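1. Next input, structure requested:
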Amino acid sequence: MLRLTSFAARDQAGAAAAWLQDAGVVEGDRLGIAPVLEADIPQAERQQAAILSVVWGALSVGVIPVMVNPDLTERERSYVLADCDPAVILESTEALVELTAHAGCAPLPLYPRGRPMHYTSGTTGSPKGVWSGVLSDEEAAALWGDEISLWGITASDTSLVHGPLAHSGPLRFALYALLAGGDVLLPGRFQAARLAAALRDERPSTAFVVPSHIQRLLELGSALPPSPYRLLVHAGSACPPALKEAIHGWAGADRVWEFYGSTEGQFTAMPGTDWPAHAGSVGKARHGRELRIIDGTIWCRPPASGHFEYWRDPRKTAAAWRVIDGDQWFTAGDLGRLDDDGYLYIDGRRADLIISGGLNVYPAEVEGVLVEFAGVQDAAVYGVPDDRWGQRVCAAIIGDVDISALDVWLRSRLAGYKRPKEIHIVTGLPSTASGKTKRLSVAQVVADQ
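-> Here you go, the predicted model:
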């Protein structure tokens, strides 16, 4: 497995920055990073190393990388690249490596002067880029320094990458390690057995994962070595209680953290030791932030370095921000509630809302109940058109369960309008490369199976 040191990445980032300057790419320009995934593992590792170095170098000179998900169809990919209007597009591993091997070397500031632009999922329309622009040195120090400080990343850390670098979580956490002077282990792609071997042989100290990564590792049983982590951070999707407890059992609750964030910004963080008293929560507001629930929607007051807009969409930007008590607050449209101690609980995403008989049903709430039933490993709740009710609540579950017993059990835990009218057992749920369930595809998976 390829180990990228901070020293090597810094040299390559300086070369990439010089290449961009020599090519006439200027501050505020966009750099499209859209390579095709490599089938060969060593080449895939090489690609990941080049992506990290190019992103670091570009941001250091105020050029904003646009991370294009390689899982996109050609039509979706073409839309993103046309919409962001990049000065340069890098579409292969060799194109990325060319920048890192440039003869020149530009000096790098202490912290990158921006964050990459990622496009939202587009479940309610065309995807939009989340644009933070070019940051001042002070804003850059606040953005990157706050993250590195929160997670306690130091030069002695080695971070093991689990997810695709086109996604914000894996990319950011790899950069935190490099910026702090640590190393990054690059597997090319997620393969449970290879990562387990790296845990045993390389003994990384930190990692960012989504719950499905750990689920697949735990399925290895005795082939999974004891956790070497001092810090294991998970986010990206809801973590079923049984899996949460399994993660704590493997890595230690005092070494596991969960956070809640979105493409737009970060909201909360919570150590595993808080879980027993606040099961189901995603934690309290992070340092420098404040949370409020307004009409069921989560709003956040971020620091100055956390401001953003939707690329070339002032109407969508205006809808995401409002002035409260003289400060700018934003929402990603998610729904939730705060308890008396300030811990946040997610009820669902507004795009996931099911309206049945004029009543709102939030899939995350129903899924949280389903996975508490013995034998249910995972669940996805979705709506299907219904002539009488508008939408009918349905569920797909993974597990060996008696549907009749599950239905009886649900009757004591969910109001009638929330209970799934159909429950289907499936062998798998559709998900993105980052591990999030693709709700709009669940009905088709049920039909196919």
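2. I'd guessed Tyr422 sits against Ile397; true?
-> Not quite, residue 422 is Glu, not Tyr. No. In this structure, Glu422 is not within contact of Ile397 by C-beta atoms under 8 Å, at 11.1 Å. Using the backbone N, CA and C atoms, a C-beta is placed for each residue, glycine as well.
3. Those two: who's more crowded?
-> Ranked by neighbour count (other C-beta atoms under 10 Å), Glu422 and Ile397 place Ile397 first, with 24 against 12.
4. Off-centre distance for the helix-or-strand element of the chain with minimal mean pLDDT?
-> One helix or strand of the chain scores below all others by mean pLDDT, DSSP states H and E: strand 359-361, with a mean of 77. With C-alpha atoms, centre = their mean, to the nearest Å as the basis, strand 359-361 stands 27 Å off its chain's centre.
5. what's the spacing between Ala177 and Asp183?
-> Ala177 sits at a distance of 7 Å from Asp183 (criterion: C-beta to C-beta, to the nearest Å).
6. I meant Glu422, not that one.
-> 49 Å.
7. ok, now Asp347?
-> As judged by C-beta to C-beta, Asp347 and Asp183 stand 39 Å apart.
8. Give me the helices and strands touching the helix of greatest length in the chain, please.
-> With secondary structure taken from DSSP state H, the chain has its longest helix at helix 41-60. Here helix 41-60 touches strand 2-5, helix 6-22, strand 30-33, strand 64-67, helix 93-100, helix 168-179, strand 183-186, going by 3 or more C-beta pairs under 8 Å, 6 or more residues apart in numbering; DSSP states H and E.
9. residue boundaries of the strands in the stretch 101-250 of the chain?
-> Ranges of strands in the stretch 101-250 of the chain, per DSSP state E, counting those that start in this stretch, are 118-119, 129-131, 158-160, 183-186, 206-209, 231-234.
10. Tell me which of these sits most buried.
-> Highest mean neighbour count among these (mean count of other C-beta atoms under 10 Å): strand 206-209, with a mean of 27.
11. So for it, mean pLDDT?
-> In this model, strand 206-209 has a mean pLDDT of 96.
12. do the same with stretch 237-251
-> On average, stretch 237-251 scores 89.
13. any residues touching that stretch, and which ones?
-> By C-beta atoms under 8 Å, 6 or more residues apart in numbering, the surrounding residues in contact with stretch 237-251 are 210-212, 214-215, 218, 224, 226-227, 229, 232, 234, 256, 258, 272, 275, 279-280, 346, 364, 367-368, 371-372, 377-378, 435-437.
14. Would you mind writing the CA trace of stretch 402-416 as CSV?
-> Extracted in CSV, the C-alpha atoms of stretch 402-416 (Å, rounded to 0.1, in the frame of the first residue of the first chain):
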residue,chain,number,x,y,z
ASP,A,402,-40.1,-12.6,10.3
ILE,A,403,-42.0,-9.8,8.5
SER,A,404,-45.2,-10.5,10.4
ALA,A,405,-43.4,-10.2,13.8
LEU,A,406,-41.7,-7.1,12.6
ASP,A,407,-45.0,-5.5,11.6
VAL,A,408,-46.5,-6.3,15.0
TRP,A,409,-43.5,-4.8,16.7
LEU,A,410,-43.7,-1.6,14.7
ARG,A,411,-47.3,-1.1,15.7
SER,A,412,-46.1,-0.3,19.2
ARG,A,413,-43.4,2.1,18.1
LEU,A,414,-44.7,4.1,15.2
ALA,A,415,-47.9,5.9,14.4
GLY,A,416,-50.0,4.3,11.7
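15. Thank you kindly, that will do.
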